[in-house]
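Chemist: below are the sequence and a predicted model; questions follow.
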2 protein chains.
Amino acid sequence: MATRPRKTATAKTRAPAEEPRKGQRRLDAVNSLRRKILTGELPPGERLREIALSEQLGMSRTPIREAFQTLAAEGLVDLLPNRSVIVSVPDKSEAADVFTVLGALEGLAGQLACRRMTADQIEILGELQDDLALYFEKRDRLSYLEANRLIHEHIIDCAGSTSLTLVWRLLLPRAERARHVTTLDHERWAEAYEEHREIYAAIAARDEVLIKQLLEAHFINGIESMKKKEAENRAKKRSEIYAEVTR
Amino acid sequence: MATRPRKTATAKTRAPAEEPRKGQRRLDAVNSLRRKILTGELPPGERLREIALSEQLGMSRTPIREAFQTLAAEGLVDLLPNRSVIVSVPDKSEAADVFTVLGALEGLAGQLACRRMTADQIEILGELQDDLALYFEKRDRLSYLEANRLIHEHIIDCAGSTSLTLVWRLLLPRAERARHVTTLDHERWAEAYEEHREIYAAIAARDEVLIKQLLEAHFINGIESMKKKEAENRAKKRSEIYAEVTR
DNA sequence: TTTTTCAATCTTGCATACTAAATTTATGTG
DNA sequence: CACATAAATTTAGTATGCAAGATTGAAAAA
């Protein structure tokens, strides 16, 4: 909600949760459970028993139950009355689904950002874009993805819309879970990087029509790439089964 | 004090129908608090003291604290560590803000619905549209608004996107709070009704380009009308002050 | 054997108890 | 009187206790 008045670049987006708070076990529970769900350590359909979790996380059931409410709002777990909370089962098309919505949201964000972002914010975006370039050159995939996330977060930030930020943040965990399935191949990586260069250029020029097109296309292209990859995997699996049978 | 009361002894004496609701006090708390916030009974900035609320709602602090997590996800309250939960203060531009985001979401929803909705779903939309027409003719504003909400909900439904449904539902309470400020004048009402006729025609024809334009415009027009109204109110207030001074 | 019943057990939902942090009030100091 | 400081009070955060609903599994019936 607070639009940052100073150029606190990337640090601010990561800093607040870093130190080990003694209080706020509820937040520990939220973060811990969310991570476990996103990494698949807690697989879809898993029953989350409060007592077991409380022993595992070293706290009582109370903060865990409160964490469940947050995770339920994010759509990561389902709450059934008098029954154990379960990790929600992502639809098989969830990845495409969540990226489609994110595309629409970021398209709007880009549009708003073009109208509202300050010179400082454009400068920060430039720095983030430089980071992205660096990591792409070095083929540092993990750092690249982190820089990528920061850029998208920054654009949302620059849009200066409370509601947009609210729903974007809510959707992010689902996107992370969806992304977990996807493996970026180099072809798509290069393509996406090129798209990011165009996105930066458009936003720096405050071309709100172009930025919307570019951002929406950025996500659609990602989805298409995922689908292609998926089709390839299915084909590969089929041929493996065939090889097995005819061996 | 008996620690082990018999189960069956007094059970018959209570009529099952008159019991308000035994389980799920948490949901009662969520609904009750949300309604109070939306109606302004709990004004923005109000401190929500757990003990006071628990007495007021006839339950302990536990379900209320759990409800806070849900309301926080909806952006209706802010959680500050070791400090009272407060009703979030809507930005003065929150109404425009939330409708802007809803416009983008429903634009996408319309697009997806054009591709995916079944003949049955189109038929239902037609019935809802008929209701809307009826209430418009009768100038029944409250029923009209309800029918209006059902139509938008149905379109979201027809899009068949889990993520879209998730974020749309999350945003609804904020939209309701924003709408609380707005008073639909007759000019805008007629205009909006006409837009709904076009929206229905476009979706029935599965024209996904048109439907997106119409839905986005529908929200933008609503925002413009709100802004105009607001400007008028400000002008009126100014002239009242002037009248006061010169009296 | 398979199916049904029912009681023992487990798990959730809520209330209450306790601890620690924040706020308020009282007190001291210049 | 203004201001700082400490004690008292209030309030949030967490743990624990208990009853009601769900689950399980063994015995009884088919």
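Modeler: Now that the structure is in, tell me what you want to look at.
Chemist: where do the helices of chain A begin and end?
Modeler: Applying DSSP state H to chain A gives helices spanning A:11-14, A:25-39, A:50-57, A:61-73, A:94-116, A:119-137, A:141-159, A:162-181, A:186-204, A:208-246.
Chemist: out of these, nearest to DNA strand C?
Modeler: Nearest of the helices of chain A to DNA strand C, taken as CB to the nearest atom of the strand: helix A:50-57 at 3.4 Å. Any C-beta I mention is one placed from the backbone N, CA and C, and that applies to glycine too.
Chemist: any part of the closest one near DNA strand C?
Modeler: Yes - using CB under 7 Å from any atom of the strand, we find that helix A:50-57 touches DNA strand C at A:50, A:51.
Chemist: in that helix, which residues are buried?
Modeler: A:53, A:54, A:57 (16 or more other CB atoms under 10 Å in any protein chain shown).
Chemist: show the contacting residues for the last one.
Modeler: When contacts are counted by CB atoms under 8 Å, 6 or more residues apart in numbering or on different chains, residue A:57 is found next to A:25, A:28, A:29, A:32, A:64.
Chemist: can you narrow the residues you listed to ones near chain B?
Modeler: With CB under 8 Å from any CB of the partner chain as the criterion, the contacts of residue A:57 include none near chain B.
Chemist: correct me if wrong: residue A:178 contacts residue A:99.
Modeler: Yes - counting by CB atoms under 8 Å, residue A:178 touches residue A:99, with 6.9 Å between them.
Chemist: Serialize the buried residues of helix A:50-57 to a markdown table and add fields for distance to residue A:70.
Modeler: Listed next are the buried residues of helix A:50-57 as a markdown table, based on distance: CB to CB, whole Å:
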| residue | distance to residue A:70 |
| --- | --- |
| A:53 | 14 |
| A:54 | 16 |
| A:57 | 15 |
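Chemist: re the thing from before, can you pick the most crowded of the contacts of residue A:57?
Modeler: Taking other CB atoms under 10 Å in any protein chain shown as the neighbour criterion, residue A:64 ranks highest of the contacts of residue A:57 with 26 neighbours.
Chemist: who in chain A is up against DNA strand C?
Modeler: Counting by CB under 7 Å from any atom of the strand, chain A comes close to DNA strand C at A:22-23, A:47-51, A:61-62, A:65, A:79, A:81-85.
Chemist: nearest to residue A:37, of the residues you listed?
Modeler: The shortest approach to residue A:37 among the residues of chain A next to DNA strand C belongs to residue A:48, at 9.3 Å (CB to CB).
Chemist: what subset of the residues of chain A next to DNA strand C is also close to DNA strand D?
Modeler: Near DNA strand D, by the rule CB under 7 Å from any atom of the strand, you find A:23, A:61, A:62, A:81, A:82, A:83, A:84 out of the residues of chain A next to DNA strand C.
Chemist: outline the domain layout of chain A.
Modeler: Split into domains by automatic domain parsing, chain A comes to A:24-87, A:94-246.
Chemist: what distance do you get for residue A:74 to DNA strand D?
Modeler: In this view, residue A:74 and DNA strand D are 18 Å apart by CB to the nearest atom of the strand, to the nearest Å.
Chemist: excluding covalently adjacent residues, which one is nearest to that residue?
Modeler: Sequence neighbours aside, residue A:173 is the residue nearest to residue A:74 in space, at 5.2 Å (criterion: CB to CB, 6 or more residues apart in numbering or on different chains).
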